[in-house]
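*Asks:* Any chance you can model this:
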Amino acid sequence: MSKPVIRLVATVLLALPVAFASACSNSSSGQAMDSGAAMGADLPFCTLGTACKAIAKACMPKDTGAAGTVHTCHLTGMGSGIESECEKQQVSCVTACNSAPGFGDASLAAFAPVFACGDGGS
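*Replies:* The predicted structure follows:
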C-alpha cells in the first residue's frame with residue numbers, strides 16, 4: 001500500500017470509534033442544529049430524516065473535510081440535519097457524492113456500523 005492510502009485507512013480507523021459512539025445515540029432529536037453540530041460534530045445518524053440519511057450515506061464516506069460540494073453536502077445531511085433542507089438538496093448532493101472519488105472498500109465497510117439503526121438504516 002502507498003503511504004497516502006495507509007494514512008487514510010489509519011485516519012478512518014482512528015475516527016471510527018468517535019463516529020460510532022455518536023452515530024446512533026438518541027441524545028438529539030436530529031431536527032435542528034444543536035451546539036455539537038455548530039462545532040462541526042455530526043448529529044446521530046439514526047435520528048435523521050429520510051432525505052438527510054440519504055445524503056449522509058452518500059457523502060460521509062467520501063468527505064475528506066476539504067472545502068467543496070461533498071463536504072458541504074455532508075454538513076447538510078449530518079451537521080444541521082434539517083429535513084426540509086435535505087429534501088431540497090438530496091438529488092444534487094447524492095449525485096455529487098456518488099460521483100466523487102472514494103477511499104476504497106475498507107473505508108466504506110468502516111462506516112457500516114454508523115448506518116445501522118435496526119431499521120436497515122433507511
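*Asks:* average model confidence for stretch 78-98?
*Replies:* Averaged across stretch 78-98, pLDDT comes to 95.
*Asks:* Quick one: name whatever helix or strand follows the helix or strand of the chain with the lowest mean pLDDT.
*Replies:* Ranked by mean pLDDT, DSSP states H and E, the helix or strand of the chain with the weakest confidence is helix 35-38, at a mean of 36. Following helix 35-38 in sequence order, the next helix or strand is helix 50-59 (DSSP states H and E).
*Asks:* Show me what counts as buried in that next one.
*Replies:* Judged by neighbour count (16 or more other CB atoms under 10 Å), helix 50-59 contains these buried residues: A51, C52, K53, A54, I55, A56, K57, A58, C59. All C-beta spots, glycine's among them, are computed from the backbone N, C-alpha and C.
*Asks:* show me what contacts the second one?
*Replies:* With CB atoms under 8 Å, 6 or more residues apart in numbering as the criterion, the residues that contact C52 are G30, T76, G77, M78, G81, I82, E83, C86.
*Asks:* in which helix or strand would I find the closest residue to it other than its chain neighbours?
*Replies:* Closest residue to C52 apart from its sequence neighbours, by CB to CB, 6 or more residues apart in numbering: C86 at 4.0 Å. Using DSSP H and E, C86 sits in helix 83-99.
*Asks:* Quick check: E83 vs I55, distance?
*Replies:* 10 Å (CB to CB, to the nearest Å).
*Asks:* circling back to that earlier point, how far off helix 50-59 does the helix holding C86 point, in degrees?
*Replies:* Relative orientation of helix 83-99 versus helix 50-59 (axes from the mean of the first three to the mean of the last three CA atoms, to 10 degrees): 20 degrees.
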